[in-house]
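K.L.:
I'd like to go over a predicted model; first the sequence, then the structure.
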Amino acid sequence: MDDLEKAIRFSFDESGAVDSALKSQATLYEIIKVKYALMSVEEKNFIRKSVFSMACYEFFDDNKSAVRVLESPPYIRNKLAQVKGSVVIDMFCRVLNSLDDELISLDYLRTSEEIAVAGRVKDAMRQQCVEQIVRAWYEIVTMYRNSDFELCTSVLDCMRRYISWIDINLIVNDAFIPLLFELILGDGLSERFRGAAVRCVLAVVSKRMDPQSKLCLLQRLQISRVFGLVSGDVESELVSEVAALLTGYAVEALECVKRLNSEDATGVSMKLLNEVLPSVFYVMQNCEIDTTFSIVQFLSGYVATMRSLSPLREEQLLHVGQILEVIRTQICYEPVYRDHLDVLDKIGIEEEARMVEFRKDLLVLLRSVGRVAPDVTQLFIRTALVSSVVSSPDRNVEEMEAALSLLYALGESMSDEAMRSGSGFLSELMPMLLQTRLPCHSNRLVALVYLETVTRYMKFVQENIQYIPMVLGAFLDDRGIHHPNIHVSRRASYLFMRVVKLLKAKLVPYIEKILQSLQDTVARFTSMNYSSKELSGSEDGSHIFEAIGLLIGMEDVPLEKQSDYLSSLLTPLCQQVQALLQNAKALNPEESPAKIANAQQIIMAINSLSKTLDVLVQILVVFPRIEPLRSKVTSFIHRMVDTLGSSVFPYLPKALGQLLAESEPKEMVGFLVLLNQLICKFNTSVRDILDEIFPAIAGRIFNVIPRDGFPSGPGTNTEEIRELQELQRTLYTFLHVIATHDLSSVFLSPKSRSYLDPIMQLLLSTSCNHKDYLVRKACVQIFIRLIKDWCVRPYGEEKVPGFQSFIIEVFARDCCLYSVLDKSFEFGDANTLVLFGEIVTAQKVIYEKFGNDFLIHLVSKDFPSACCPHDLAEQYCQKLQGSDFKALKSSYQSLIEKLRLQQNGSLVFR
């Protein structure tokens with residue numbers, strides 16, 4: 001029966017079997033625990049006397065005869081020690097443990113007041129009783145070491161708590177340290193007893209002190225005496241305790257190496273560290289590591305000390321190999337998860353995610369080691385690869401995956417030049433990797449990391465083109481795109497596309513072989529029966545078509561050959577589209593998800609291969625309101641614009657018209673982004689296309705965007721409103737792109753002329769009121785460009801009737817004057833200053849185009865309406881006619897600030 005169970009039984013006993021004195025003690029304990037702090041001074045003194053009397057009196061016979069222990073004769077005290085010694089010692093330990101738990105230990109969260117109290121208690125104990133307590137610990141352990149292991153274990157665990165703050169010389173002396181090591185090495189003692197002694201030594205090792213004192217302490221311990229203990233049963237408690245001691249000792253020795261400056265002290269520290277490292281490496285690979293010890297942190301610190309050593313000595317090179325072995329061991333998956341990881345079920349997904357996170361710091365450490373000792377690192381990885389190929393089937397999957405992961409991670413720290421030249425053992429590793437048929441290549445993890453590694457080192461193949469056939473084999477056979485695991489096959493398609501982008505023209509001699517190898521992949525990908533569920537996600541295998549498109553589209557491939565290749569690939573795709581479209585109009589689109597999903601796959605295939613949009617337009621005609629299809633066609637046109645250039649022009653009007661038809665606001669955003677891409681790439685070459693579609697765009701947008709602004713207040717932040725706001729922001733960008741690419745004439749075409757006034761009013765309102773100052777800046781820039789494009793006076797006729805008066809009488813007043821007078825226009829904000837600069841630029845351009853017409857209206861109408869003194873207005877007009885823009889901007893800011901002070905914020909121009 002343990003103490004808790006006893007306490008529960010005693011508390012609820014009503015039979016009278018429990019000693020009344022024991023119940024009284026329990027009651028007293030509860031009073032002290034709960035109400036002591038609230039007692040008066042007299043009550044506290046009474047409690048203290050009661051407790052003290054309990055400790056000083058002891059019953060020593062069956063007749064309940066009591067004696068005062070401290071005043072009893074020696075033979076009585078000896079008798080009590082024999083009969084009641086273990087009980088008293090147990091009480092002694094419990095009192096000290098409780099004192100540590102309740103008051104001293106910083107393992108618990110303490111307030112600043114509690115910490116101060118603990119400090120006073122420790123100071124008092126150091127002065128009054130610590131030496132006696134330590135002597136008692138020593139005498140008890142010495143007396144009972146062969147007779148009561150449990151009692152001695154309790155005493156040592158109690159002592160361990162106090163080592164961190166008592167005088168270390170009370171423990172580290174010729175009496176206690178030999179005793180502790182005798183206990184640790186004592187074969188006849190219990191493991192728990194020996195483990196308690198190990199924990200005490202670890203507390204000594206971990207005690208905070210200056211590095212020179214710590215170095216002397218570590219030397220004195222002669223820790224090598226316990227090295228042999230870690231080679232025992234790794235499951236035993238003692239081995240775990242010794243492992244914690246050795247790792248703790250190594251951490252302290254490494255700190256001495258870092259912190260001591262003298263050459264002699266550093267040399268001694270390094271000697272102690274080198275002495276313990278082999279055992280530490282063994283512990284890391286074979287034992288359960290204490291959670292407070294970070295393998296990566298310690299090894300990273302040790303590797304950092306090597307950077308100052310050049311060249312590395314033989315001992316350090318040996319340690320590098322052991323560090324690499326530790327890393328390899330740590331990153332290995334457990335075989336028990338092999339099947340779960342291969343099929344990637346829930347358990348496999350969780351384990352893979354856990355290992356990815358766990359490996360991060362270890363692989364950073366690997367790269368650090370690779371920089372310190374590159375040859376040793378590459379040789380180790382080469383050896384690991386070779387040994388994993390011939391390892392036993394129950395481990396070869398995990399060992400091969402770990403070895404390949406090491407090689408992959410190492411590549412991140414290699415320079416491009418080192419990779420191209422095959423520095424070190426790389427010129428051996430890559431051919432070996434490409435030529436070796438791994439016995440466990442069917443495993444998903446091994447196949448994936450193999451392909452990732454080959455891709456990472458592709459710069460080596462780029463300079464050594466004799467290995468290109470081997471690379472193609474790795475990607476095109478059952479190691480890559482034809483791997484039975486669909487996850488591997490998909491990833492291989494993406495990685496192969498990256499390989500094609502890197503090797504480019506070097507692959508031209510192999511195009512026919514590549515296309516022949518991929519025929520079944522193309523057919524499978526676009527098969528009517530291909531599961532849409534299997535193709536979910538970004539890596540759905542479609543990258544293989546992009547790779548094919550890149551290969552076929554290279555300049556080194558003759559046009560005749562390009563045509564042949566495209567025909568052979570497009571013909572079956574177009575046939576599938578025709579089959580898909582048969583009788584499709586009779587179907588409800590919501591009831592034909594399989595056809596829609598399959599159409600998406602075919603679009604992605606044609607996306608990388610075709611110079612024609614007709615097939616895709618037919619799909620949009622049949623399925624006009626299916627958002628995923630519209631999105632993929634838009635994506636296709638984006639890519640075609642990049643890869644095929646102006647040759648797509650003949651197909652754009654029909655395709656764009658179909659995309660525009662029945663489009664929702666969210667789809668319109670994507671549509672405008674596509675048009676922006678076209679304009680930025682081809683400039684005025686798209687004028688005819690814009691002339692044709694702009695009226696429809698303007699009509700659709702002005703039908704859905706509210707003319708009087710968006711509502712505000714509760715319940716207005718709906719998804720519909722957010723989509724409309726996004727559409728409006730994209731419209732501003734669209735108008736800005738048109739204006740700044742010499743296409744403003746689009747606004748003046750006969751079909752678009754009716755939308756000119758709504759556009760001007762929208763731009764004016766936005767340039768004055770929009771809360772986003774960058775949007776306001778864009779609108780001002782549009783006006784600046786329109787003024788330059790449409791105003792040729794004073795020497796020519798007005799190109800756009802009414803535009804000059806609109807600019808002088810409305811825009812110059814509302815935007816260039818009133819909006820900046822508003823108190824919300826803060827000159828201390830960076831974006832505000834950028835907008836202000838554009839507004840001043842607009843005034844300068846207006847003056848250059850309209851001359852005195854603008855100045856007269858400014859002085860006679862606009863400035864007076866803002867209560868601007870005539871002399872200030874005249875001064876500003878003088879600046880406006882000058883050539884110093886910086887002075888003009890500063891002058892206008894000064895004018896606005898003076899007007900604000902004059903008005904004292906009483907006028908708001910809106």
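P.N.:
Now that the structure is in, tell me what you want to look at.

K.L.:
in the chain, which residue is most central in space?
P.N.:
Among the residues of the chain, the smallest C-alpha distance to the mean C-alpha position (Cα atoms, centre = their mean) belongs to residue 357, namely 10.0 Å.

K.L.:
residues contacting stretch 828-842, please?
P.N.:
Stretch 828-842 is contacted by residues 773-774, 776-777, 780-781, 783-784, 787, 811-812, 815-816, 819-820, 825-827, 885, 888-889, 892-893 when judged by Cβ atoms under 8 Å, 6 or more residues apart in numbering. No exception for glycine: its C-beta is placed from N, CA and C like everyone else's.

K.L.:
quick one: buried residues of the host helix or strand of the residue nearest to the centre of the chain?
P.N.:
Residue 357 is part of helix 346-372 when elements are defined by DSSP states H and E. Using 16 or more other Cβ atoms under 10 Å as the burial criterion, the residues of helix 346-372 that qualify are 348, 351-352, 355, 359, 361-363, 365-370, 372.

K.L.:
if we can go back for a sec, could you list which of the contacts of stretch 828-842 belong to strands?
P.N.:
Assigned to strands by DSSP state E, none of those qualify.

K.L.:
does residue 211 really touch residue 259, like I thought?
P.N.:
Yes. Because the distance of 4.2 Å satisfies Cβ atoms under 8 Å, residue 211 is recorded as touching residue 259.

K.L.:
isn't residue 163 up against residue 201?
P.N.:
No. Between residue 163 and residue 201 no contact is recorded; they are 9.4 Å apart, counting by Cβ under 8 Å.

K.L.:
more neighbours, those two?
P.N.:
Neighbours were counted for residue 163 and for residue 201 using other Cβ atoms under 10 Å; residue 201 has more, 26 against 22.

K.L.:
give me the element the more buried one is part of.
P.N.:
With elements delineated by DSSP H and E, residue 201 resides in helix 191-206, which encompasses its position.

K.L.:
quick one: average pLDDT of that helix?
P.N.:
Confidence over helix 191-206 (mean pLDDT, whole number) is 94.

K.L.:
next: stretch 275-292.
P.N.:
What stretch 275-292 shows for mean pLDDT is 84.

K.L.:
buried set for that stretch?
P.N.:
Neighbour-count burial for stretch 275-292, counted by 16+ other Cβ under 10 Å, picks out 276-277, 279-284, 287.

K.L.:
need the residues that contact it.
P.N.:
Stretch 275-292 is contacted by residues 223-224, 227, 230-231, 234, 239-240, 243-244, 246-247, 249-250, 253, 295, 302, 319, 322-323, 325-326, 329-330 when judged by Cβ under 8 Å, 6+ apart.

K.L.:
where does residue 567 land on pLDDT?
P.N.:
As summarised for this prediction, residue 567 has a pLDDT of 62.

K.L.:
and what of the one 5 residues further on?
P.N.:
Looking at residue 572, its pLDDT stands at 68.

K.L.:
what's the answer for residue 631, then?
P.N.:
73.

K.L.:
hmm, residue 631 is touching residue 673, no?
P.N.:
No. The pair residue 631 and residue 673 fails to qualify as a contact (Cβ under 8 Å) at a distance of 11.7 Å.

K.L.:
low pLDDT regions in the stretch 351-500 of the chain?
P.N.:
394 (pLDDT under 70).

K.L.:
switch the cut-off to 90
P.N.:
Judged by pLDDT under 90, the stretch 351-500 of the chain has its weakly predicted residues at 371, 374-375, 378, 382, 385-396, 411-441, 486-487, 490.

K.L.:
now the strands for the stretch 1-150 of the chain?
P.N.:
Taking DSSP state E, counting those that start in this stretch as the criterion, the stretch 1-150 of the chain carries its strands at 57-59, 66-68.

K.L.:
quick one: least confident helix or strand in this protein?
P.N.:
Taking mean pLDDT, DSSP states H and E as the measure, strand 66-68 is the helix or strand of the chain with the lowest mean score, a mean of 45.

K.L.:
now do residue 814 against residue 143, distance only.
P.N.:
When Cβ to Cβ, to the nearest Å is applied, the distance between residue 814 and residue 143 equals 99 Å.

K.L.:
of the two, which one has the most company?
P.N.:
A side-by-side neighbour count of residue 814 and residue 143, using other Cβ under 10 Å, places residue 814 first with 18 against 15.

K.L.:
isn't that one right up against residue 766?
P.N.:
No. Under the contact definition of Cβ under 8 Å, residue 814 does not touch residue 766, with a separation of 11.4 Å.

K.L.:
sorry, back to before: what helices or strands is the helix holding residue 357 leaning on?
P.N.:
Using 3 or more Cβ pairs under 8 Å, 6 or more residues apart in numbering; DSSP states H and E as the contact criterion, the secondary-structure elements in contact with helix 346-372 are helix 295-306, helix 314-331, helix 338-343, helix 374-389, helix 396-411.

K.L.:
pick the most buried one from those helices.
P.N.:
Scoring the helices and strands packed on helix 346-372 by mean neighbour count under mean count of other Cβ atoms under 10 Å gives helix 396-411 as the most buried, with a mean of 24.

K.L.:
what's that helix packed up against?
P.N.:
Using 3+ Cβ pairs under 8 Å, 6+ apart as the contact criterion, the secondary-structure elements in contact with helix 396-411 are helix 314-331, helix 346-372, helix 374-389, helix 444-456.

K.L.:
quick one: the longest one to chain centroid distance?
P.N.:
Just to be clear, that refers to helix 346-372. Chain-centre distance of helix 346-372: 14 Å, with Cα atoms, centre = their mean, to the nearest Å.

K.L.:
please apply the same query to the last one.
P.N.:
Centroid separation between helix 444-456 and its chain, computed with Cα atoms, centre = their mean, is 22 Å.

K.L.:
show me the contact partners of it.
P.N.:
333, 341-342, 344, 352, 397, 400-401, 404-405, 407-408, 411-412, 433-434, 438, 440-441, 471, 474-475, 479-480, 483, 485, 487-488, 491-492, 495, 498-499.

K.L.:
next, the buried residues of the next helix or strand after that helix.
P.N.:
Sequence-wise, the next helix or strand downstream of helix 444-456 (DSSP H and E) is helix 458-463. Residues of helix 458-463 classed as buried: 458-462 (neighbour count, 16+ other Cβ under 10 Å).

K.L.:
distance of residue 277 from residue 184?
P.N.:
Counting by Cβ to Cβ - residue 277 and residue 184 are separated by 20 Å.

K.L.:
same question, residue 288
P.N.:
Relative to residue 184, residue 288 is positioned 19 Å away (Cβ to Cβ).

K.L.:
same question for residue 634.
P.N.:
To residue 184, residue 634 is 73 Å away according to Cβ to Cβ.

K.L.:
ok, those two, which is more surrounded?
P.N.:
residue 184 (23 against 17).

K.L.:
list the contacts of the more buried one.
P.N.:
In this structure, residue 184 makes contact with 194, 197-198, 201, 225-226, 229, 242, judged by Cβ under 8 Å, 6+ apart.

K.L.:
what do you get for residue 154?
P.N.:
For residue 154, the residues meeting the contact criterion (Cβ under 8 Å, 6+ apart) are 89-90, 93.
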